[in-house]
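Novice: Starting from these lines, generate the structure:
(one chain, ligands or ions: 4)
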Amino acid sequence: MALAARPVVLELLAASINVARRAGGIIRDVLSSGELRTVDKVRRRLPSLPTVTAVTAVTTTTAAAAGKADRRAQHCIIESLRRRWPALAIIGEEGAIGGSEHDVVAEVLDAADQGVIDAILTERSGGCPSTLQKATLDQISVWVDPLDGTKEFTEGFPENVTVLIGIAINGTPEAGVIHQPFFKAANSVTGRTIWAAHGLGVHGTEVKWRNVARDGRIVATTRSHPSPAIERALAAAQPASIVRIGGAGNKIVHILDGDFDAYLFPSPGTSKWDTCAGEAILRAAGGHLTDQSGASYDYSAKAELANARGVVASLSDHAFYLSCTKPPAQL
Ligand SMILES: O=P(O)(O)O[C@H]1[C@H](O)[C@@H](O)[C@H](OP(=O)(O)O)[C@@H](O)[C@H]1O
Ligand SMILES: [Mg+2]
Ligand SMILES: [Mg+2]
Ligand SMILES: [Mg+2]
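Specialist: Ligands and ions are numbered 1, 2, ... in the order given. Alright, predicted model coming up:
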């Protein structure tokens, strides 16, 4: 069946998958050729042998290398997309930066990526969801975090790094790409790319739900920005375990992979580029990402940059996690 003209948002999604992968390659190159500091030793208690600590060697890199990776990755993404769509509203974490022509992807529309999306559309009963079909470029805003998990990148936890490209239509995240440059998989040396669009499902990973009734809740939160409000919310959730891990995008990926049940962060600190891609993908999986009151954030191009009212993300039981963030008086 011949496809109608491809909706611009799906061309943009295919291009975003392509440039996110390219940006991931840049980040890997910078880490491998960067100024790797002396190997730091990190002592980690072994759960099975509480009196023994494992000495785990981690390789760290400098903040300068992280900054270079941030800037090069952002230039790759934004300049490559802008070459094809000069009028597109793109907001990147690293502001207006220059960069090397070498990092720009000349042909952002990779036929293979576009072919995957075409095939999904062809197989979908009812064809292209109308939200995607009718969106025009002036209604679209793209939020780019070229390297999420900067701190983790410099402290020897590159597996927490993600490249985030979120695509909003009229301020609502409707498509998104999360690329993991350092994802370890048997058959992959180029990381992992998870993507989704409104009504087209989640691709690049098999979304898993945990059996909370049997196994208890696992709740993730910040690794480096604690607060009393966060501790209160964690206590109210009565989790089987709490994971304090870096990367806003990384925490959302772990929810999709069924490792965590929620990302609880009732505190300012994240921005729209941290959450737009993850919210679009969670929504495509039937989940939610909202502020701590349950309201949706606005991702229009002119919206406030900060997620001032915290982040609560989950695949299910969202109302329960929202209830955990209420100040004590309202409990
Ligand atoms: O792209 P960066 O600056 O690494 O994004 C940050 C977020 O802004 C910050 O909120 C996250 O904090 P937590 O680790 O405490 O969740 C950080 O991990 C990165 O996502
Ligand atoms: Mg970030
Ligand atoms: Mg960043
Ligand atoms: Mg940052």
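
Novice: can we go C-alpha only for contacts and neighbour counts from here?
Specialist: Fine.

Novice: Touching stretch 260-270 from outside, list them.
Specialist: The set of residues that contact stretch 260-270 without belonging to it, under C-alpha atoms under 8 Å, 6 or more residues apart in numbering, is 209-210, 212, 217-222, 225, 227, 229-230, 233-234, 248, 251-252, 254-255, 291-292, 306-316, 321, 325.

Novice: Go through it and flag the buried ones.
Specialist: Neighbour-count burial for stretch 260-270 flags 260, 261, 262, 263, 264, 265, 266, 267, 270 (criterion: 16 or more other C-alpha atoms under 10 Å).

Novice: Run through the bridge partners of the third one.
Specialist: Right, the one you point to is residue 262. residue 219, residue 314 (DSSP bridges).

Novice: And it, how far from residue 254?
Specialist: Here the criterion is C-alpha to C-alpha, to the nearest Å. By it, residue 262 lies 9 Å from residue 254.

Novice: next one: the first one
Specialist: Computed as C-alpha to C-alpha, the residue 260 to residue 254 distance reads 6 Å.

Novice: I'd like the secondary structure assignment at the spatially most central residue of the chain, please.
Specialist: Centroid-nearest residue in the chain, with C-alpha atoms, centre = their mean: residue 249, separated by 3.1 Å. Here residue 249 is helix, with the state taken from DSSP: H, G, I helix; E, B strand; the rest coil.

Novice: Number the residues from 736 up from this point.
Specialist: All right, first residue 736 from here; so that's residue 984.

Novice: So for it, what pLDDT did the model give?
Specialist: Looking at residue 984, its pLDDT reads 98.

Novice: ok, now which ones touch it?
Specialist: Residue 984 makes contacts with 883, 896, 897, 898, 899, 913, 1009, 1010, 1013, as judged by C-alpha under 8 Å, 6+ apart.

Novice: before we move on, what about residue 799?
Specialist: Counting by C-alpha under 8 Å, 6+ apart, residue 799 touches no other residue.

Novice: Any figure for the gap between it and residue 1004?
Specialist: Counting by C-alpha to C-alpha, the gap from residue 799 to residue 1004 is 22 Å.

Novice: got it, and residue 826?
Specialist: 17 Å.

Novice: Could you do residue 1013 as well?
Specialist: According to C-alpha to C-alpha, residue 1013 and residue 1004 sit 16 Å apart.

Novice: Residue 796 too?
Specialist: The gap separating residue 796 from residue 1004 is 24 Å, by C-alpha to C-alpha.

Novice: same check, this time on residue 974
Specialist: Distance from residue 974 to residue 1004, by C-alpha to C-alpha: 23 Å.

Novice: Next one, pLDDT for residue 787 please.
Specialist: pLDDT at residue 787 comes out at 49.

Novice: what does the stretch 836-985 of the chain have sitting close to ligand 3?
Specialist: Selection of the stretch 836-985 of the chain residues close to ligand 3 by C-alpha under 5 Å from the ion yields 880, 882, 883.

Novice: Nice, that's everything, thank you.
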